[in-house]
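J.: Turn this into a model:
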Amino acid sequence: MNFGKVLLKISKIITYFFHPVFLPFLLFLLLYFVAPLPLFFSFFTPKSFAAFLGVVFLYTIVFPLLFTFWLKKTKLISDFEISDGQERPKTYFMVSAFFISLTYFFYSKGGLLGPASVILGVISAIILGLGFFSYFSKISAHTAAMAGIVGILAAIFIRFNENSLFIPILISISLTGLVASSRLWLGAHSLKQIFWGWLWGITAGFSGIYFLLLK
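T.: Just a heads-up that it's a prediction; the model follows:
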């Protein structure tokens, strides 16, 4: 068995499973079960949380994926990896519109949806930042997204004394390293691009939640 081919196959699986588009949904699911109070999830009924999660699923997974398929079909992007650096900014900006729309919707409703709107607002900022940085250099969106999750969880852990998040943070840090390594193994990014993605994700994720998510 060729070890190199096995490594590449594993790296592709990691890349697809931890694609940035899935992470907001997984983050809300994690917080609901592990640390529900800071986001007011403790006050959701199972039915209302399922409805909330369904809307998140549509706006952060289904719509962005369908939109990306449309971009590919109309040849506005060359491939789903968006390997052409010139295509990345417009793609990030257009995809961010779904996240911004959902952020505004939750914010306008207020109440129990207020904290969730902050989380989505921070994620929207990370995506917009990726679009802006892509004008200058190709940085790793996978690493930025994973590092953003670490930053968000760490900010909630510190600001709300949520000790239950300690293990999830350690796991998230390990997964960030795994995802970053997979991008390097696939040759999708250089070490420099990985580093800048990590720095942007963790900085925006932590500072956004720490200063905007009120007790």
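
J.: can you map out the helices along this structure?
T.: 3-17, 23-34, 46-57, 63-73, 88-109, 114-133, 141-160, 166-185, 191-212 (DSSP state H).

J.: contacts for stretch 76-87?
T.: Contact with stretch 76-87 is made by 68, 71-72, 88, 90-91, 134, 138, 188, as judged by Cβ atoms under 8 Å, 6 or more residues apart in numbering. In short, each C-beta sits where N, CA and C put it, glycine included.

J.: could you flag which of those are buried?
T.: Listed as buried from the contacts of stretch 76-87 are 68, 71, 88, 91, 134, 138, 188; burial here means 16 or more other Cβ atoms under 10 Å.

J.: Quick check: the second one touching Thr91?
T.: Yes: applying Cβ atoms under 8 Å as the test, Leu71 and Thr91 come out as touching, 6.6 Å apart.

J.: Find the residue closest to the residue nearest the centre of the chain in space, skipping its chain neighbours.
T.: Nearest residue to the geometric centre of the chain (Cα atoms, centre = their mean): Ala145, 4.0 Å. Of all residues not flanking Ala145 in the chain, Pro20 sits nearest, at 3.6 Å (Cβ to Cβ, 6 or more residues apart in numbering).

J.: what's the closest non-adjacent residue to Ala125?
T.: Distances taken as Cβ to Cβ, 6+ apart place Ala204 nearest to Ala125, at 5.6 Å, with adjacent residues excluded.

J.: show me what contacts that neighbour?
T.: Per Cβ under 8 Å, 6+ apart, neighbours of Ala204: 122, 125-126, 129, 148, 151.

J.: confidence score at it?
T.: Listed pLDDT for Ala204 reads 98.

J.: Quick check: which of the helices of the chain is nearest to Phe40?
T.: helix 114-133 (5.6 Å; Cβ to Cβ).

J.: Could you list the buried residues of that closest one?
T.: Buried-residue list, helix 114-133, by 16+ other Cβ under 10 Å: 115-131, 133.
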